[in-house]
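Novice: Turn this into a structure:
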Amino acid sequence: MTVDVAALLRDAQAKGLTVSTAESCTGGMIAAALTDIPGSSAVVDRGFVTYSNQAKTEMLGVLTTTLATHGAVSEEVAAEMADGALDSAGTDIAVSVTGIAGPGGSEFKPEGRVCFGLAATGLPTFVETKEFGALGRDKVRAATRDHALMLIATAVAKLPIRT
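Specialist: Okay, the predicted model is just below:
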């Protein structure tokens, strides 16, 4: 499913909603897709590019114990990234991604595995893992960006108008 980013931003703005991103494997691609649209500053507050574990802990409050126990590519870390972005930015919606874009990976964390988190005011934090497969780095990152935009659009549709 391809998301009409301009429509997503219009819908979010009409509801008075703001968005932040917490990105690892995409390195800012989600924020870039949002801010490519003129007027996006009415909705997009900030993006965190937290490629290293240190950045995840310092910028988003991901616990070192979570990283040590589950690894950076895990739903647990994705949830803490999304919650940390929501709290730090004070936005209504925060999406997070952490994964193995490739090349490489391992038997336990293969190339193309990406964990997503979505935190939104008044909703429980949602996490999921997608196995995009060994499509190559560019295609995994693009698929990750597109899925994250779909998660944001879904959250915008679910949230009420902010008063």
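Novice: Could you point out which residue ranges in the chain have low pLDDT?
Specialist: Within the chain, the stretches with pLDDT under 70 are 1, 163.
Novice: Compute the distance between the residue nearest the centre of the chain and residue 74, please.
Specialist: Central residue of the chain (CA atoms, centre = their mean): residue 96, 2.4 Å from the mean position. Distance of residue 96 to residue 74, computed by CB to CB, to the nearest Å: 11 Å. Yep, even glycine has a C-beta here, placed from its N, CA and C like the rest.
Novice: Same check on residue 115?
Specialist: Going from residue 115 to residue 74 by CB to CB gives 6 Å.
Novice: list the residues that contact both of the two?
Specialist: Residues touching both residue 115 and residue 74 (CB atoms under 8 Å, 6 or more residues apart in numbering) are residue 98.
Novice: Of the two, which one has the most company?
Specialist: Neighbours per residue, other CB atoms under 10 Å: of residue 115 and residue 74, the larger number sits with residue 115, 28 against 20.
Novice: Could you list the residues in contact with the lengthiest helix in the chain?
Specialist: Secondary structure of the chain per DSSP state H: the longest helix is helix 137-158. Around helix 137-158, the neighbours that count as contacts under CB under 8 Å, 6+ apart are 1-3, 5, 8, 11-12, 15, 17, 19, 21, 25-27, 29-30, 33-34, 93, 95, 97, 99-103, 111-112, 114, 116, 118, 120, 123, 126, 130, 132, 135.
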